[in-house]
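Q: Okay, structure incoming, though there's no sequence with it:
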C-alpha cells in the first residue's frame, strides 16, 4: 500500500500536529548594523506567547526576549550565537514568564538560514515548545527519588539493581556497600557475584 504524501504535506495537518504538541514556529531577522531583531510567529507560537494577534515584528521579539528568565538569558544568547557562527541547529531550555500562565518551561531550537533576506538581514528559523508538563514530571520524579533515598537512610535499607543486556550492569546505594563490606571503588558485577558465596546454603533457594 502506497503512502499518501499529500496527507503528510497538508498545512492543516501540520498545523494541528504542532498545536497538539505545544510547538510554535518562529523566524527572526537580525540587522547587524543597528542590532535590531524582528520576529514573526505562526498561530501556535502566538498562543504560546500569550498573544491574541501578531504585533509588529520588533514588538514580537521584545515580548519574547523580555520574558526569558534573566538567569537564563546568557544561555539563550550563547545558543543564538552558535546558530549564527556555525549554521548548525542548536537548542536551549529555559523558564519563560507567560503573561497568563506565569512561569513555564520552554525548549527552543533553531538554525541559520542560508543567504540573507531581501533587506540583507541574517535570518534564523526555529521552534518554541512548552515542556512545562514534562518538567513537572521530572521534578516529581526527583522529589520521589529524594524521599526514597531519605527513607533508605533512616531505615538502613541497602538497595541494588542488576540489569542484563549486551553486558551485565550492577549499581547500588552506599548503604548496600557498607552492609556487605564492599569498597565503593569496586562497583562492578564481579564484586556483586562474590556475594553469592557468602549466602547461607539454606537461604539460596529463597534468594533464587
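A: That came through fine. For clarity, every value in this text was computed on a predicted model and none was experimentally measured. Numbering: from 1, shown residues only.
Q: which residues in the chain form strands?
A: 23-30, 37-41, 90-98, 102-112, 122-130, 160-164, 168-172 (DSSP state E).
Q: which residues in the chain form helices?
A: 5-9, 11-20, 43-48, 57-66, 73-86, 132-155, 174-180, 189-193, 204-207 (DSSP state H).
Q: what pairs with residue 104 across the strands?
A: Listed beta-bridge partners, residue 104: residue 96 (assigned using DSSP bridges).
Q: Could you give the number of residues near it?
A: Other residues lying near residue 104 total 19 when counted by other Cβ atoms under 10 Å. Any C-beta I mention is one placed from the backbone N, CA and C, and that applies to glycine too.
Q: heads up, I number from 735, so please use that
A: All set: I'll call the first residue 735, so the last point we hit is now residue 838.
Q: Skipping its backbone neighbours, what lies nearest residue 883 in space?
A: Nearest residue to residue 883 in three dimensions, chain neighbours excluded: residue 907, at 7.4 Å (Cβ to Cβ, 6 or more residues apart in numbering).
Q: Look up the pLDDT of that neighbour for me, please.
A: At residue 907, the model reports a pLDDT of 73.
Q: just checking, it touches residue 892?
A: Yes - if you go by Cβ atoms under 8 Å, residue 907 and residue 892 touch, sitting 6.5 Å apart.
Q: so where's the protein shaky on pLDDT?
A: Residues of the chain that meet the criterion pLDDT under 70 lie in 735-755, 852, 868-880, 882, 886, 894-904, 917-934, 936-942.
Q: go again using 80 as the cut-off
A: Low-confidence segments of the chain (pLDDT under 80): 735-756, 849-854, 866-942.
Q: partner residues bridging residue 764?
A: residue 771, residue 856.
Q: repeat for residue 825
A: Under the criterion used here (DSSP bridges), residue 825 is bridged to residue 843.
Q: count of neighbours near it?
A: 14.
Q: same check, this time on the one 4 residues further on
A: Applying the criterion other Cβ under 10 Å, we find 18 residues in the vicinity of residue 829.
Q: Surely it touches residue 838?
A: Yes - proximity of residue 829 to residue 838 meets the contact threshold set by Cβ under 8 Å, at 7.1 Å.
Q: so what sits against both of these two?
A: Counting by Cβ atoms under 8 Å, 6 or more residues apart in numbering, residue 829 and residue 838 have no common neighbour.
Q: rewinding a little: show me the one of the strands of the chain that comes nearest residue 790.
A: Across the strands of the chain, residue 790 has its closest neighbour in strand 771-775 (8.2 Å, Cβ to Cβ).
Q: Show me the contact partners of that closest one.
A: Outside strand 771-775, the residues touching it (Cβ under 8 Å, 6+ apart) are 758-765, 783, 785, 788, 791-792, 794-795, 798-799, 855.
Q: Which among those count as buried?
A: 758-764, 783, 785, 788, 791, 794-795, 798-799, 855 (16 or more other Cβ atoms under 10 Å).
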